[in-house]
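**Q** got a predicted structure here, sequence first:
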Amino acid sequence: MNHEATNPFKRLVKLAARAFYDDISTKGDNQPKTGRSDNRGLVVVVLDALTRRQWAREEDLAKELKLHSKQLRRTLRFLEEEKMVSRDHRKETAKGAKMYNAAIAATTDGQQNGKEHEEKIKLHTHSYCCLDYAQIYDVVRYRIHRLRKKIKDELEDKNTVQEYICPNCGKRYNALDALRLVSMDDEDFHCESCNAALVAESDKLAAQDIGDGDDNARRRRREKLKDMLQKMEIQLKPLTEQLNRVKDLPVPEYRGLQAWEAQASASARATHDDANGSDSFKSAQGQGFGGTPMPYFGETKVEVSIYGLEPKEEDAKSNNASTPMKVLPPWMIKQGMVLTSEQRGEVKQEMKMEGSSTKTEILDDKKSSDEYLKAYYAAVYKMQQERAVQSQQESSNAENVNNGDSSTSNRVVGMKSKRQDDDGDDDVDWEEVPTAGNATENFKVNDLNVQAAASDIDEDDVDWEEG
Amino acid sequence: MFFHIVLERNMQLHPRHFGPHLRDKLVAKLMRDVEGTCSGRHGFVVAITGVEDIGKGLIREGTGFVTFPVKYQCVVFRPFKGEILEAVVTMVNKMGFFAEAGPVQIFVSNHLIPDDMEFQSGDMPNYTTSDGSVKIQRDSEVRLKIIGTRVDATEIFCIGTIKDDFLGVINDPGAAA
């Protein structure tokens, strides 16, 4: 989620937390309040922490806040009742946790690598919680509205139905019952059940200490209410301003836990995709040697590297991080070669670096190294053969050097070199190692192509040079 | 608020009324039965203005009574929240006062009476301003606003306020007394 859009909402949550939940203690009423167990302000802390997260697992949250999980759960339950937080509980195995971890990794900074593998397989009920920004906006507005309405109604004595209470039995009546309560003997209202005189009930804010009745008291009460209203307006001003600011902004939506996870991992895939689009070399490597570095295969490659071959992917990643320069795709390099010598020179330099680094990296990669080496040396051998052919062709056009192939057409050369490729696998293995070390620049450039695949592309390339 | 609506009712007529004036008898009985009643749904039936249709009578087994479905037009009065009414004060006590607007009883509690009016007990309990210029007592006419209604199946009761602009006494209490 982009932070610019959610920041006003986060600020709103923080303001609301401080305005309404600052002195709320989530302790049960039956427990004695001691200095230690007084957890006022905890709600604010939890809400603040949640503004920095999206869906958070409650265990993790408790750990990070250094709270007991029971304490946190009590607070969260309170917040859920207050409609500030939405929660989700589910039984899950390590796989579910992995999904969540992946989603978290995607939303925090990406690049978190396979920590999920260490997770043990066990079935647990996990609770997750998340701020429900849309609802918070409504809840805060409603709360302010109720506050204001209560004071205003009392101030104006408007639209309020007077309530009466029986001092004897505690039965409550309101003004709508008046007709039944009136008695013929005196001017009081009388309780239906015990016939005691009713008293007007005052659950008023201001009437508690000032006895209402005489004119003077009423005036004082009004003044007090006015004062209270004014104070409230002043104190809630930052909050109301924030509400107005947020009014027209799109609300950050995290929806359900599942949906959020799905979305987060999807976006993660998308970013991976971007990274890999320019880096088909890496993905091809992750896929194993046989991969073709075609740009339009990018998507499928990414899929495979995420789900199937994560350790390899890590390797590639670290490699990638250390030498970001060399992620140049092969087809670019070919063009450079063909076009100008300057470009070729640049490319060559890069390629030199790359040639060495890829070699070491490949050695690390145990699984594909055998295959790779074979193909690598085969390609090297082939290259040298081709170079030999080239030079000989230059010297004497009509002469056939290798396998009696005299044709200059692209196709035939390609076929021939392929066959050589196969041969190379068999007989040319370790003899060629030194040549790889002191090979020419030209060889190294082509070497890149060979790394990816000993395919038609490099043959074509060679042919262009010939032509 | 008054409405002119069409209602329907099944009238049972005693066989002794069967004869040349059956229809008149039926309408007279309808008026006796219906006018002045109150239903929670439609309010008070004030007057029947006409009979639209009298259906075929059906003789009830055993009794000989005949049931006629009757459609009639009538004026009903139903109070609504927020409505302004003029009412006559019927009783004043320290809790407030009761008033009647036609068939409807309205109670105005003392905290919905303007703050400058004080309750005066005595022979003729009343609410009076400090300068004595305005007095609410029995038979005073007041304009009030309904702020709450209680609608039962056969009864409607309202509470009102006179604590607003242009509400309060609308005649001279001295003249009325």
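**A** Thanks, I have the structure now. Residues are numbered from 1 along each chain as shown, chains lettered A, B, ... in the order given.
**Q** quick check, the residue in the stretch 101-250 of chain A closest to chain B?
**A** Closest contact between the stretch 101-250 of chain A and chain B, by Cβ to the nearest Cβ, is at residue A:187 (3.4 Å). Yep, even glycine has a C-beta here, placed from its N, CA and C like the rest.
**Q** ok, and the helix or strand in the chain with the lowest average confidence?
**A** Looking at chain A here, since you left the chain open. Of all the helices and strands that make up chain A, helix A:280-287 has the lowest average by mean pLDDT, DSSP states H and E, namely a mean of 40.
**Q** any stretches of chain A with poor pLDDT?
**A** For chain A, applying pLDDT under 70 flags the ranges A:1-5, A:26-39, A:93-97, A:106-123, A:156-160, A:202-218, A:269-369, A:392-467.
**Q** okay, now the domains of it?
**A** Using automatic domain parsing, the domain parsing of chain A gives A:3-132, A:140-246, A:278-466.
**Q** what segments of chain B are helices?
**A** Shown for chain B, the helices assigned by DSSP state H span residues B:22-34, B:173-176.
**Q** nearest to chain A, of those?
**A** Short answer: helix B:173-176, nearest of those by Cβ to the nearest Cβ, at 18.7 Å.
**Q** report the mean per-residue pLDDT for that closest one.
**A** Mean pLDDT, helix B:173-176: 49.
**Q** can you list contacts of the helix or strand residue A:242 falls within?
**A** Assigned by DSSP states H and E, residue A:242 belongs to helix A:237-246. Helix A:237-246 is touched from outside by A:8-9, A:11-12, A:15-16, A:19, A:137, A:140-141, A:144, with contacts defined as Cβ atoms under 8 Å, 6 or more residues apart in numbering or on different chains.
**Q** try it again with 10 Å
**A** Here helix A:237-246 makes contact (Cβ atoms under 10 Å, 6 or more residues apart in numbering or on different chains) with A:8-9, A:11-16, A:18-20, A:133, A:136-137, A:140-141, A:143-144, A:148, A:233, A:236.
**Q** try stretch A:162-173
**A** With contact meaning Cβ under 10 Å, 6+ apart, stretch A:162-173 is reached by A:174-178, A:180-181, A:188-203, B:95-96, B:107-112, B:159.
**Q** picking up where we left off before, what does the residue of the stretch 101-250 of chain A closest to chain B show for phi and psi?
**A** Main-chain dihedrals, residue A:187, degrees, to the nearest 10: phi -100, psi 10.
**Q** for the one 3 residues further on, same thing?
**A** Here is the backbone geometry of residue A:190 (degrees, to the nearest 10): phi -120, psi 140.
**Q** that one against residue A:178, yeah?
**A** No. With contact defined as Cβ atoms under 10 Å, residue A:190 does not reach residue A:178; the gap is 11.3 Å.
**Q** so which of the two has more stuff around it?
**A** Ranked by neighbour count (other Cβ atoms under 10 Å in any protein chain shown), residue A:190 and residue A:178 place residue A:178 first, with 25 against 17.
**Q** how near is residue A:13 to chain B?
**A** Separation of residue A:13 from chain B (Cβ to the nearest Cβ, to the nearest Å) stands at 38 Å.
**Q** show me the contacts of helix A:237-246 that map onto helices.
**A** Going by DSSP H, the helices hold A:8-9, A:11-16, A:18-20, A:133, A:136-137, A:140-141, A:143-144, A:148, A:233 from the contacts of helix A:237-246.
**Q** pull out the buried members of these.
**A** Buried subset of these (neighbour count, 16 or more other Cβ atoms under 10 Å in any protein chain shown): A:8-9, A:11-13, A:15-16, A:18-20, A:133, A:136-137, A:140, A:143-144.
**Q** out of those residues, which is nearest to residue B:61?
**A** Ranked by distance to residue B:61 (Cβ to Cβ), these are led by residue A:143 at 64.5 Å.
**Q** who's in contact with the closest residue to that closest one other than its chain neighbours?
**A** Of all residues not flanking residue A:143 in the chain, residue A:20 sits nearest, at 6.6 Å (Cβ to Cβ, 6 or more residues apart in numbering or on different chains). By Cβ under 10 Å, 6+ apart, the contact set of residue A:20 is A:43-44, A:82, A:84, A:139-140, A:143-144, A:147, A:236, A:239.
**Q** same deal with residue B:10?
**A** Counted by Cβ under 10 Å, 6+ apart, residue B:10 has contacts B:55, B:58, B:67-70.
**Q** and the residue nearest to the spatial centre of chain B, backbone torsions?
**A** Central residue of chain B (Cα atoms, centre = their mean): residue B:103, 1.9 Å from the mean position. Note on residue B:103: its backbone torsions stand at phi -80, psi -10 [degrees, to the nearest 10].
**Q** contacting residues for the residue nearest to it when sequence neighbours are not counted?
**A** Once flanking residues are discounted, residue B:103 sits nearest to residue B:44: 4.4 Å by Cβ to Cβ, 6+ apart. The contact partners of residue B:44, by Cβ under 10 Å, 6+ apart, come to B:2, B:35-38, B:75-79, B:102-104, B:156.
**Q** apply 8 Å and report the result again.
**A** So residue B:44 contacts B:36-38, B:76-78, B:102-104, B:156 (Cβ under 8 Å, 6+ apart).
**Q** how about residue A:141?
**A** Contacts of residue A:141 by Cβ under 8 Å, 6+ apart are residue A:243.
**Q** can you check the one 3 residues further on too?
**A** When the contact criterion is Cβ under 8 Å, 6+ apart, the partners of residue A:144 are A:236, A:239-240, A:243.
**Q** cool, and residue A:200?
**A** Contacts of residue A:200 by Cβ under 8 Å, 6+ apart are A:162-164, B:95, B:109-111.
**Q** now, which of those residues sits nearest residue A:78?
**A** Among the contacts of residue A:200, and counting by Cβ to Cβ, the member closest to residue A:78 is residue A:163, at 29.5 Å.
**Q** count the neighbours of that closest one for me.
**A** Around residue A:163 there are 16 other residues, counting by other Cβ under 10 Å.
**Q** what about it, distance to residue A:178?
**A** Counting by Cβ to Cβ, to the nearest Å, the gap from residue A:163 to residue A:178 is 11 Å.
**Q** just residue A:372 next, same as before
**A** When residue A:372 is compared with residue A:178 (using Cβ to Cβ), they lie 96 Å apart.
**Q** now residue A:135
**A** Taking Cβ to Cβ, one finds residue A:135 at 40 Å from residue A:178.
**Q** chain B - how does it break down into domains?
**A** Residue ranges for each domain of chain B read B:2-77, B:84-176, as given by automatic domain parsing.
**Q** run the chain-centre distance for the first one.
**A** Relative to its chain's centre, domain B:2-77 lies at 20 Å (Cα atoms, centre = their mean, to the nearest Å).
**Q** cool, the longest one as well?
**A** The chain centroid and the centroid of domain B:84-176 are separated by 16 Å under Cα atoms, centre = their mean.
**Q** nearest to chain A: which residue in chain B?
**A** At 3.4 Å from chain A, residue B:93 is the closest residue in chain B, using Cβ to the nearest Cβ.
**Q** pretty sure that residue contacts residue B:125?
**A** Yes. Taking contacts as Cβ atoms under 8 Å, residue B:93 lies within contact range of residue B:125: 6.2 Å.
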